[in-house]
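J.: I would like the atomic coordinates for the input below:
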Amino acid sequence: MRPYYDGWKTSTHNMVSCVDCHYPPGIQSELRGKFEAIVSVAKYVTGTYGKSRPWVEISDQSCLRPDCHERRLLRGKVSFGNILFDHTPHLAEMKRGKKLRCTSCHSQIVQRVHMTVTTNTCFLCHFKEVEGEKPLGGCPSCHGAPTSVVEYQGVKFDHKEGVKLGIDCMKCHLNVVQGEGNVSKEKCFNCHTEPERLEKYNDVLLMHMYHVTNHKVDCLRCHEEIKHKMVAMAKSIEVDCNSCHPGHHAAQKELFIGTGGKGTEQMPAPMFLMRVSCTGCHISHKGDKLKGTSAFASPAACVSCHGGNYGQILEEWKKVIGQGLSQIIPALNRAVSELKTTSMKGEDYLKGKSLLEEAKYNIDLVREGKGVHNIKYSIQLLETANQKLKEGMKAIGSKYQVPSLSLPSITPKSECYSCHLGIETKTVTAFGRTFSHQTHLVKANLPCVNCHSNKRKHGELILSTESCNNCHHGKREDCQTCHPVQETFRKGSKVLDYQSIAPPMPDLECRDCHTEIKFNQTTQIVRSTCTNCHEKDYIDMLDSKQKEIKDELIKINDQILQMRKKEKLTPEQKKGIDYIQERLDLLEKDNSFGGHNQNLDDKMIQDINTKMKEL
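T.: Reported below is the predicted structural model:
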């Protein structure tokens, strides 16, 4: 008894006497306890005390007696490590056709650990004979999604986004279950020899009723162990892919893990670091039942986890890799030809040959492994291969100049570059103005978070015109940089086919009227400067003219809308509508309604009306 006594002394029940647990409440149990105690003393004194392992059963009445755990069934969920556990459904309901008791989970499987929950019991019930490693009740029934952003080897992942999009846990967490929890018939002989009992081996419900519900028998006395834990991602990929394609996809695997290149540093793909397996992206299938099916990746896989805007990223990556290969493969072929025809011999020749072989290996790794499996590593492989071609040509004394590659930079400027590689080359439109990522990310070295945020929605634009003004107006840069349409209107030249229509006040500069820049206050500030040169009634005249132009533009837009609704338009009508729409768009982009160049606005509206009459 010594090990069990020592386990009790260090347990959470060490303030409870042995008989309070080992005998349920009631006079009958109390009398039984006293009798068994007298018998134990007699055996000890006479030396007939048994040497076998003590056996005892704890009834639920002992646990749920007053002043102990009588309200346990009503407490709801409690924390057990990182697991949320609810006693009520486990004790009050049938689980997989079996009635559990307190000691089904609280037991002493491990010696010297008294009445402690062992997770092996949980795993047997939740993972035995379930489909696709999905536990009974689903993953969230035990594990709530992490509330904070998880960072693993430099890659960050917000589980809240995954939950919102309904991403299956198995997309990333694969091979987390080992073992099947089977019961070998040989184990029955440890306790039973009666043929009539052994014949009931296949009666699962009867076996659990006797061993679990009626008697406390530790699950692992009969069942093999089931383990549930995270595994190394490399092992997960190996098992997953090779189960269907033994020995294949070695190049894809090396790319994904970010190893194997010649003269390159290791660079694991972010998806690999976050434990995303092959089937996380290869969700589409092609083929038939007779020939078999193959899984392939598509933009739909990106969208299923990351949202709608991610569908284009896969195609952009393919384009980058395709362009890189189309540049370097001809260079490789030319370099190989140079090697064959060179007169160079000896160590220099062998060095050049070795460099070309390494370059070819890197190129083949990207080509055969499909560079999108690790876009940044693939770019590094191609850049390294290109450098090796240059060094190889130099080693053999060739005059062939290997051209440099035109590929996006892989220098990490922020975590956004894990997916948005090459974003620094993109030019977009923001607030009606041309926005260059090259200028802001590379030249000004601004972080992505200045303009975008992931708090509410991934990549949400938080930039405002006020944010732009804080930088650009503070430096008093050339207005035309951000306001090209307004500048051309102000000058009245090179606006469509209007070569030179000067404004009423051609000598004015932008700063003469826009004396101060404040967010959403441009109109008020400009109006206040009019009286610096004009009488007060000039403002009323300007308001009237601007209202007249606005009303005219609304009327024309309505007319164009009605014309577009016609079922059949002649080519001449379509051409005329495009003519009008082009001028309307410019007038609306200028947004001054005669303030910058009343003469040009009047001329454009006159031409629009003339064209409307022709149509």
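
J.: V117 - how many residues pack around it?
T.: When neighbours are counted by other C-beta atoms under 10 Å, V117 registers 16. From N, CA and C alone the C-beta is placed, and that goes for glycine too.

J.: next up, the contacts around the closest residue to it other than its chain neighbours.
T.: Distances taken as C-beta to C-beta, 6 or more residues apart in numbering place C105 nearest to V117, at 5.2 Å, with adjacent residues excluded. Contacts of C105 were listed using C-beta atoms under 8 Å, 6 or more residues apart in numbering, and they are 90, 117-118, 121-122.

J.: now swap in S59 and tell me
T.: 24, 101.

J.: take the contacts of C105 and keep only those in strands.
T.: Using DSSP state E, the subset of the contacts of C105 located in strands is V117.

J.: how about the contacts of C105 in CSV, adding pLDDT and distance to M267?
T.: What follows is those, written out as CSV (pLDDT from 0 to 100; distance: C-beta to C-beta, whole Å):
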residue, pLDDT, distance to M267
H90, 83, 47
V117, 79, 43
T118, 76, 41
T121, 81, 43
C122, 85, 39
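
J.: now distance to L463 too, for the contacts of C105, in TSV please.
T.: As requested, those are arranged in TSV below (distance: C-beta to C-beta, whole Å):
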residue	distance to L463
H90	52
V117	52
T118	54
T121	54
C122	49
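
J.: going along the chain, name the helices of the stretch 151-300 of the chain.
T.: For the stretch 151-300 of the chain, the helices defined by DSSP state H, counting those that start in this stretch cover 159-165, 195-198, 204-208, 233-242, 250-257, 270-273, 278-281, 299-306.

J.: which SS state does T610 fall under?
T.: Here T610 is recorded as helix under DSSP: H, G, I helix; E, B strand; the rest coil.

J.: quick check: it vs Q327, distance?
T.: Taking C-beta to C-beta, to the nearest Å as the measure, T610 falls 52 Å from Q327.

J.: who has more neighbours out of those two?
T.: Q327 (16 against 9).

J.: got the angle between the top helix by length along the chain and helix 299-306?
T.: In the chain, ranked by residue count with DSSP state H as the criterion, the top helix is helix 311-341. Counting by axes from the mean of the first three to the mean of the last three C-alpha atoms, to 10 degrees, helix 311-341 points 130 degrees away from the direction of helix 299-306.

J.: how far off centre is helix 311-341?
T.: 29 Å (C-alpha atoms, centre = their mean, to the nearest Å).

J.: could you say what helices and strands whichever helix or strand comes after it packs with?
T.: Reading on from helix 311-341 to the C-terminus, the next helix or strand found by DSSP states H and E is helix 346-369. Judged by 3 or more C-beta pairs under 8 Å, 6 or more residues apart in numbering; DSSP states H and E, the packing partners of helix 346-369 are helix 250-257, helix 311-341, helix 375-395.

J.: averaged pLDDT, helix 346-369. What do you get?
T.: Confidence for helix 346-369, expressed as mean pLDDT, is 94.

J.: ramachandran coordinates for the closest residue to C479 other than its chain neighbours?
T.: Among residues not flanking C479 along the chain, C510 sits closest, at 4.7 Å (C-beta to C-beta, 6+ apart). Taking degrees, to the nearest 10, you get phi -50, psi -40 for the backbone angles of C510.

J.: quick one: C510 and C482 touch, right?
T.: No: applying C-beta atoms under 8 Å as the test, C510 and C482 come out as separate, 11.2 Å apart.

J.: who's more crowded, those two?
T.: C482 (20 against 15).

J.: grab the nearest non-local neighbour of that one.
T.: Spatial nearest neighbour of C482, excluding adjacent residues (C-beta to C-beta, 6+ apart): R433 at 4.9 Å.

J.: bridged to the one you found, which residues?
T.: Judged by DSSP bridges, the bridge partners of R433 are A430.

J.: residues near it, how many?
T.: With other C-beta under 10 Å as criterion, R433 counts 15.

J.: the nearest residue to H306 once chain neighbours are set aside: neighbour count?
T.: Once flanking residues are discounted, H306 sits nearest to H458: 6.9 Å by C-beta to C-beta, 6+ apart. Using other C-beta under 10 Å, H458 is surrounded by 16 other residues.

J.: and H223, by the same measure?
T.: 20.

J.: before we move on, what about T488?
T.: When neighbours are defined as other C-beta under 10 Å, T488 has 20 of them.

J.: separation between it and G595?
T.: To G595, T488 is 14 Å away according to C-beta to C-beta.

J.: same question for R32.
T.: 101 Å.

J.: which one of those two has more residues nearby?
T.: The neighbour comparison of R32 against G595 (other C-beta under 10 Å) goes to G595, with 22 against 13.

J.: residue contacts, that one?
T.: Contact analysis of G595 by C-beta under 8 Å, 6+ apart lists 526, 542, 546.

J.: after the one helix or strand the second one maps to, which helix or strand is next?
T.: Right, L542. Using DSSP H and E, L542 sits in helix 537-564. Using DSSP H and E, the helix or strand that directly follows helix 537-564 along the chain is helix 571-590.

J.: what's the angle from that following helix to helix 537-564?
T.: 150 degrees.

J.: for helix 571-590, list the C-alpha coordinates in PDB.
T.: The C-alpha atoms that make up helix 571-590 are tabulated as PDB, following Å, rounded to 0.1, in the frame of the first residue of the first chain:
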ATOM      1  CA  PRO A 571     -21.700  51.800 -83.800                       C
ATOM      2  CA  GLU A 572     -21.900  55.600 -84.200                       C
ATOM      3  CA  GLN A 573     -24.000  55.900 -81.100                       C
ATOM      4  CA  LYS A 574     -21.600  53.800 -79.100                       C
ATOM      5  CA  LYS A 575     -18.700  55.900 -80.300                       C
ATOM      6  CA  GLY A 576     -20.600  59.100 -79.400                       C
ATOM      7  CA  ILE A 577     -21.400  57.900 -75.900                       C
ATOM      8  CA  ASP A 578     -17.800  57.100 -75.300                       C
ATOM      9  CA  TYR A 579     -16.900  60.600 -76.400                       C
ATOM     10  CA  ILE A 580     -19.300  62.100 -73.900                       C
ATOM     11  CA  GLN A 581     -18.300  59.700 -71.100                       C
ATOM     12  CA  GLU A 582     -14.600  60.600 -71.500                       C
ATOM     13  CA  ARG A 583     -15.400  64.300 -71.000                       C
ATOM     14  CA  LEU A 584     -17.700  63.700 -68.100                       C
ATOM     15  CA  ASP A 585     -15.100  61.600 -66.300                       C
ATOM     16  CA  LEU A 586     -12.500  64.300 -66.600                       C
ATOM     17  CA  LEU A 587     -14.900  67.000 -65.400                       C
ATOM     18  CA  GLU A 588     -15.800  64.900 -62.400                       C
ATOM     19  CA  LYS A 589     -12.100  64.100 -61.600                       C
ATOM     20  CA  ASP A 590     -11.300  67.800 -61.700                       C
END
